[in-house]
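1. Predicted model, plus sequence, below.
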Amino acid sequence: MMLNAARLSKKLRTLVLIGVAAIMPLDALAQTPAKRLFGGEPLPARLKPAAHGFYTKGCLAGGVAIPVDGPHWQAMRLSRNRRWGHPDLIKIIEDLSYKAKKDGWNGLLVGDISQPRGGPMLTGHRSHQMGLDADIWFNPMPDRRMTYKERENISAVSVLKKGSIYVDQARWTRGHTMVLYHAATSPRVERVLVHPGVKKQLCDTVRGNRAWLNKIRPTWGHHYHFHIRMGCPPGSPGCKKQNSTGNKTGCDDGSLDWWFDVELNPNKKKPKPKTPPKKRRELVLRDLPQACQAVLSANAPSLEAATYEPINTAFKAPSINLPAYSASRVLKGKSIEKAGAAITSIAGNLVPERVTIPTPRPR
């Protein structure tokens, strides 16, 4: 793939932001990992809002930033600059914060949503590329506004019992159940991803209408936070839909048992793969939808113009001075949980992400 000369200076500026050589042949630029290109952009593309591609291979046009503070939310890990999403998703998060507040959840701690222009991220996450995914911590919001430093350093709290794959009953509250209920019953939300132990907790305790449990999907990790995923929004013809979740609750069809009997069972030997798993190739720009080239090269609005305007415009939060975006700070940043290890090098190839290679699971 050849990039035209008009775009070259902008791409080189982006590369400089993350420590890549400023002079690079076009062919080499075309082979640059897409996460370096998208991860170097501090502001969104000034285009009509649209999600292009798929959750694990796409980009975002016209993204907006959720405000650092809202009446019932606080954005975390601000140095990552991942509080950007499609306007419809930001509205879903805002609505969830109000509903959850009324039902015993003090407020949302909002984790990663997407980079300003989506695309593959510098660290973590294979998804979150179209501005349609959002992570919400399992910690309820405190009664005070946290400082920038606290938002960088405070750890998310696992809801599992220490050394176990099951929920800690002393930690789980009705508020946990209700915030997940309101997320799953949002019409635009198609999936809420949680740890299998969390899914089991809901299956064991929810009574009455259980249809919403269909959207609660067990997956690896996700015991420090839950993951909201909305469907393709209107005005995004290039957005690829995900498969339907069907109509089963997933509690009594045997699919949940697989997690505990096979995948997470510490006493059961898992078959070794016949061949070592291949290292996943880094995505480059040509792997993404063609529209992502225009997203990457588009002009940017100001931060103020691109910040979502909440319902309650009278709400005023303490001012937080955000440092200029730095991709190197992202690479050195902390994970949301204490066990996470920071990536400390941006020289040469980025440190490979640790990706779980799962055994086949029931669909």
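-> Everything's here; your move.

2. buried sites along stretch 78-92?
-> Of the residues in stretch 78-92, those buried by neighbour count under the rule 16 or more other C-beta atoms under 10 Å are 78-86, 88-92. Just so you know, the C-beta spots here come from the backbone N, C-alpha and C atoms, and that holds for glycine as well.

3. For the stretch 101-250 of the chain, which segments are assigned as helices?
-> Using DSSP state H, counting those that start in this stretch, the helices assigned to the stretch 101-250 of the chain run over residues 148-153, 174-184, 196-205.

4. Just put those in a markdown table and tack on distance to His223 and mean neighbour count.
-> What follows is the helices of the stretch 101-250 of the chain, written out as a markdown table (distance: least, C-beta to C-beta, whole Å; neighbours: other C-beta atoms under 10 Å):
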| stretch | distance to His223 | mean neighbour count |
| --- | --- | --- |
| helix 148-153 | 20 | 13 |
| helix 174-184 | 11 | 21 |
| helix 196-205 | 6 | 20 |
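
5. Quick check: which of the ones you listed is nearest to Ala298?
-> Proximity to Ala298 (C-beta to C-beta) singles out helix 148-153 among the helices of the stretch 101-250 of the chain, at 28.9 Å.

6. Which other helices and strands does the closest one contact?
-> Based on contacts counted as 3 or more C-beta pairs under 8 Å, 6 or more residues apart in numbering; DSSP states H and E, there is no element that helix 148-153 packs against.

7. what residue ranges in the stretch 1-150 of the chain score low on pLDDT?
-> Using pLDDT under 70 as the threshold, the predicted model of the stretch 1-150 of the chain has low-confidence ranges 1-29.

8. Recalculate using a threshold of 80.
-> Low-confidence segments of the stretch 1-150 of the chain (pLDDT under 80): 1-30.

9. And the strands in it?
-> Secondary structure of the stretch 1-150 of the chain (DSSP state E, counting those that start in this stretch): strands located at 50-54, 57-61, 64-65, 69-70, 73-75, 84-85, 108-110, 133-137.

10. Pull out the buried positions in the fifth one.
-> Judged by neighbour count (16+ other C-beta under 10 Å), strand 73-75 contains these buried residues: 73-75.

11. Quick check: phi and psi on Asn247?
-> Here the main-chain torsion angles of Asn247 (degrees, to the nearest 10) amount to phi -130, psi 10.

12. What is the neighbour count of it?
-> Counted by other C-beta atoms under 10 Å, the residues lying close to Asn247 total 7.

13. Contact partners for it?
-> Residues in contact with Asn247 (C-beta atoms under 8 Å, 6 or more residues apart in numbering) are 211, 214.

14. Next: the one 5 residues further on.
-> Residues touching Asp252, when contacts are defined by C-beta under 8 Å, 6+ apart, comprise Cys203.

15. can you check Gln242 too?
-> Under the criterion of C-beta under 8 Å, 6+ apart, the contact list for Gln242 reads 54-55, 190-191, 229, 231.

16. ok, it to Cys232 distance?
-> Applying C-beta to C-beta, to the nearest Å, one obtains 9 Å for the distance of Gln242 from Cys232.

17. still on that earlier bit, now, among the buried residues of strand 73-75, which is nearest to Thr123?
-> In terms of C-beta to C-beta, no member of the buried residues of strand 73-75 lies closer to Thr123 than Ala75, at 17.5 Å.

18. Now render the contacts of Gln242 as CSV, adding neighbour count and distance to Ile154.
-> Formatted as CSV, these follow (neighbours: other C-beta atoms under 10 Å; distance: C-beta to C-beta, whole Å):
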residue, neighbour count, distance to Ile154
Phe54, 19, 32
Tyr55, 22, 28
Glu190, 20, 30
Arg191, 21, 27
Arg229, 21, 25
Gly231, 16, 32
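
19. Asn153 and Ser335 touch, don't they?
-> No - here Asn153 does not reach Ser335: they are 11.2 Å apart, not a contact under C-beta atoms under 8 Å.

20. circling back: now tabulate the buried residues of strand 73-75 in TSV and tack on distance to Leu160.
-> Formatted as TSV, these follow (distance: C-beta to C-beta, whole Å):
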residue	distance to Leu160
Trp73	24
Gln74	24
Ala75	25
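
21. for those residues, which one is nearest Ala100?
-> Lowest distance from Ala100 to the buried residues of strand 73-75 (C-beta to C-beta) belongs to Trp73, with 9.5 Å.

22. Give me the spatial nearest neighbour of that closest one, chain neighbours excluded.
-> Nearest-residue entry for Trp73: Leu108, 4.2 Å, with adjacent residues in sequence omitted and distances by C-beta to C-beta, 6 or more residues apart in numbering.

23. can you pull the contacts of the one you found?
-> The contact partners of Leu108, taken as C-beta under 8 Å, 6+ apart, are 72-74, 93, 96-97, 100, 136-137, 141, 179.

24. mind redoing it with 6 Å?
-> With contact set as C-beta atoms under 6 Å, 6 or more residues apart in numbering, Leu108 has these partners: 73, 97, 136.

25. ok, now how distant is Ala34 from Met121?
-> Counting by C-beta to C-beta, the gap from Ala34 to Met121 is 10 Å.

26. scratch that, Phe315
-> Plainly put, Phe315 is 30 Å away from Met121 if you go by C-beta to C-beta.

27. so who does Pro67 touch?
-> Contact partners of Pro67, counting by C-beta under 6 Å, 6+ apart, are Thr307.

28. going forward, begin numbering at 239 instead of 1
-> Sure, I'll start numbering at 239, so the last one becomes Pro305.

29. And stretch 557-568, what's buried?
-> Across stretch 557-568, burial judged by 16+ other C-beta under 10 Å covers 563-565, 568.

30. That one - what's its average pLDDT?
-> In this model, stretch 557-568 carries a mean pLDDT of 90.
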